[in-house]
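>>> Predicted model and sequence below, questions to follow.
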2 protein chains.
Amino acid sequence: MLQEPILTGSQNCEECPIRHRAVCARCETDELQRLEEVKYYRRFEAGQPIIWCGDRMDFVGSVVLGVASLTQAMEDGRTQMVGLLLPSDFVGRPGRAVAAYDVTATTDVLMCCFRRAPFEALIEDTPHIAHRLLEMTLDELDAAREWMLVLGRKTAREKIASLLSIIARRDAMLHIRREDGPVVFDLPLTREAMADYLGLTLETVSRQVSALRKDGVISLEGKRHVTVPDISRLLEEAGDDMDGGLIS
Amino acid sequence: MLQEPILTGSQNCEECPIRHRAVCARCETDELQRLEEVKYYRRFEAGQPIIWCGDRMDFVGSVVLGVASLTQAMEDGRTQMVGLLLPSDFVGRPGRAVAAYDVTATTDVLMCCFRRAPFEALIEDTPHIAHRLLEMTLDELDAAREWMLVLGRKTAREKIASLLSIIARRDAMLHIRREDGPVVFDLPLTREAMADYLGLTLETVSRQVSALRKDGVISLEGKRHVTVPDISRLLEEAGDDMDGGLIS
DNA sequence: CGTTCATTTGAATCGTATCAAGTGTCGTGG
DNA sequence: CCACGACACTTGATACGATTCAAATGAACG
């Protein structure tokens, strides 16, 4: 398991892959310097916990590389994913010392961490950071609400199609691609994680993925590599009618 | 329908019932004055739309009195409530000109509105407002995530118990009451609104409310007035084990 | 008194969960 | 090189919970 992928933290903010999307996006050079003083990098292997619910948090930070998940659990073991953390997403809540959710590395993850106390002080007197954080929080709230519609009202098949759409859309934002060609991506989630995301069992996830494959909505190579020949067909299956618009 | 209840907008912020919980909570007197310059009141009758999804928004604002709901709809009519707006809750997203959700008055509602453009300018140079808005948005995000667990993983009975707990908890925050006495409140929602909140049908809501009544978890006078003899019993039914703690 | 609307209740159906078994792939150790 | 277990995933049979469709009840109002 001691592969060393691209996870070497660039110490330099200017070259950081999330420089223009993370909480620091709007910072000027001098503001970045103040951030760098309280920042450090941490790596987590796929499957490893990043934070346990109830733990004291001595840092907040950004996902730089990889995928992490925010989950909530009931005592009897039922769990629900409540956030999918992709590169540039923020972890932790300023002003809160104790974690409210479990955070787990879904793939190998590189986090850019800020010591909590000095970061909170920075928020107070750096409007560029506070503003960006507000903007990001509003975006997350919108995402959470879209997700609520999925959880509350969509069928299993629609839920799977919705999840695939979300991942496809994100991928479309990163890798530039032709307008109407097939979309190709790797699922960063196991069937179980997909189930926790969608409020289903892993068996139902498996069945519905197979069904979408049989119906030609997607095709698979291996278990994780997905090709979507016609993205608007997938969106139709998801029950959304935002036709075509990959860039939200 | 032309009842005129307590919905007379106090023009004076100092006497406003949500003065210390709304977006203006942290404002100093001079900051309040700048807000007052761009503020006006609007009333909405129960059942009336406040904003339609896709509408241009020329204001943002706070719910002062009453209950409103934020809902998302699919083309085929399925709808999911994604926010329950109580007094002091904020409506609208600074920086966004077009409404993303339908907003409907569930009861009679009094809103304190701010013209959008000047309000956005105020955010820029009034850290007290920006900060409070961030704090409120983070709270809403937490609420949305708790709700996602309810939608994704709880049974119909647990969903109803969860909703009643949430309303009971809110009521406990407003009306001071003895530590361990019975909790009494009015449901501000119809069975259909409850169903839209919980991702159920109204028939299932009705059945589960009846079941909780038969099992002595709650008692009803009329359809809407609820008495909870033992709040910890209700929390147990909700599947939460936050025992007793009414104040979160 | 009749209409309307919210709610309740009943019976049948359907979708997803549950329980159980089986497949395929990978890495390890004999 | 093959047997082994571990793990992720698939598939099947059955059970159960919530939906659907339908009808009945009750309160509010003109």
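Received it, and whenever you're ready, just let me know what you need.

>>> And the strands in chain A?
Shown for chain A, the strands assigned by DSSP state E span residues A:39-44, A:49-51, A:59-65, A:68-73, A:79-85, A:90-91, A:102-105, A:109-115, A:183-186, A:219-221, A:225-228.

>>> Could you dump those strands into TSV with mean neighbour count, distance to B:Met194 and mean pLDDT added?
Using the backbone N, CA and C atoms, a C-beta is placed for each residue, glycine as well. Shown next, in TSV, are these (neighbours: other C-beta atoms under 10 Å in any protein chain shown; distance: least, C-beta to C-beta, whole Å; pLDDT from 0 to 100):
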stretch	mean neighbour count	distance to B:Met194	mean pLDDT
strand A:39-44	17	41	95
strand A:49-51	17	34	95
strand A:59-65	22	36	96
strand A:68-73	21	22	97
strand A:79-85	23	20	97
strand A:90-91	20	33	98
strand A:102-105	22	30	96
strand A:109-115	22	39	96
strand A:183-186	18	39	91
strand A:219-221	13	40	92
strand A:225-228	18	37	94
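
>>> so can I have a markdown table of those strands showing distance to DNA strand C?
Formatted as a markdown table, the strands of chain A follow (distance: least, C-beta to the nearest atom of the strand, whole Å):
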| stretch | distance to DNA strand C |
| --- | --- |
| strand A:39-44 | 20 |
| strand A:49-51 | 22 |
| strand A:59-65 | 21 |
| strand A:68-73 | 15 |
| strand A:79-85 | 11 |
| strand A:90-91 | 28 |
| strand A:102-105 | 18 |
| strand A:109-115 | 20 |
| strand A:183-186 | 14 |
| strand A:219-221 | 11 |
| strand A:225-228 | 12 |
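
>>> Looking at these, which is nearest to DNA strand D?
Minimum separation from DNA strand D across the strands of chain A (C-beta to the nearest atom of the strand) falls at strand A:219-221, 6.9 Å.

>>> Can you tell me which residues in chain A are near DNA strand C?
Neighbours of DNA strand C within chain A, by C-beta under 7 Å from any atom of the strand: A:155-157, A:199-201, A:203-204.

>>> Quickly check the residues you listed for the two that are furthest apart.
A:Thr155 and A:Glu203 (15.5 Å; C-beta to C-beta).

>>> Please report how far A:Glu237 lies from DNA strand C.
13 Å (C-beta to the nearest atom of the strand, to the nearest Å).

>>> for A:Ala161, same thing?
12 Å.

>>> Next, the contact list for that residue, please.
A:212, A:217, A:234-235, A:237-239 (C-beta atoms under 8 Å, 6 or more residues apart in numbering or on different chains).

>>> Can you narrow the residues you listed down to the ones near chain B?
Residues of those in contact with chain B (C-beta under 8 Å from any C-beta of the partner chain): A:Gly239.

>>> Give me the subset of the contacts of A:Ala161 that lies in helices.
Taking DSSP state H as the definition of helices, these contribute A:212, A:234-235, A:237-238.

>>> Out of these, which is nearest to DNA strand D?
When these are compared against DNA strand D (criterion: C-beta to the nearest atom of the strand), the nearest one is A:Leu212, at 10.5 Å.

>>> which residues does the closest residue to that closest one other than its chain neighbours contact?
Spatial nearest neighbour of A:Leu212, excluding adjacent residues (C-beta to C-beta, 6 or more residues apart in numbering or on different chains): A:Ile218 at 5.1 Å. Contacts for A:Ile218 (C-beta under 8 Å, 6+ apart) come out as A:164, A:209, A:212, A:226-229, A:234.

>>> And A:Ile218, how close does it get to A:His175?
As judged by C-beta to C-beta, to the nearest Å, A:Ile218 and A:His175 stand 18 Å apart.

>>> Counting residues, name the longest helix you see in chain A.
helix A:127-153.

>>> Which two of the ones in helices among the contacts of A:Ala161 have the greatest separation?
Longest span within the ones in helices among the contacts of A:Ala161, C-beta to C-beta: A:Leu212 and A:Leu235, 12.8 Å.

>>> So for the residue of chain A most remote from its centre, what's the pLDDT?
Most distant residue from the mean C-alpha position of chain A: A:Asp30, 28.9 Å away (C-alpha atoms, centre = their mean). The score at A:Asp30 is 92. That number is its pLDDT.

>>> Show the low-confidence segments of chain A, by residue range.
Counting by pLDDT under 70, chain A contains low-confidence ranges at A:1-10, A:177-179, A:242-248.

>>> Setting aside sequence neighbours, what's the nearest residue to A:Phe44?
Nearest non-adjacent residue to A:Phe44 (C-beta to C-beta, 6+ apart): A:Ala105, at 3.9 Å.
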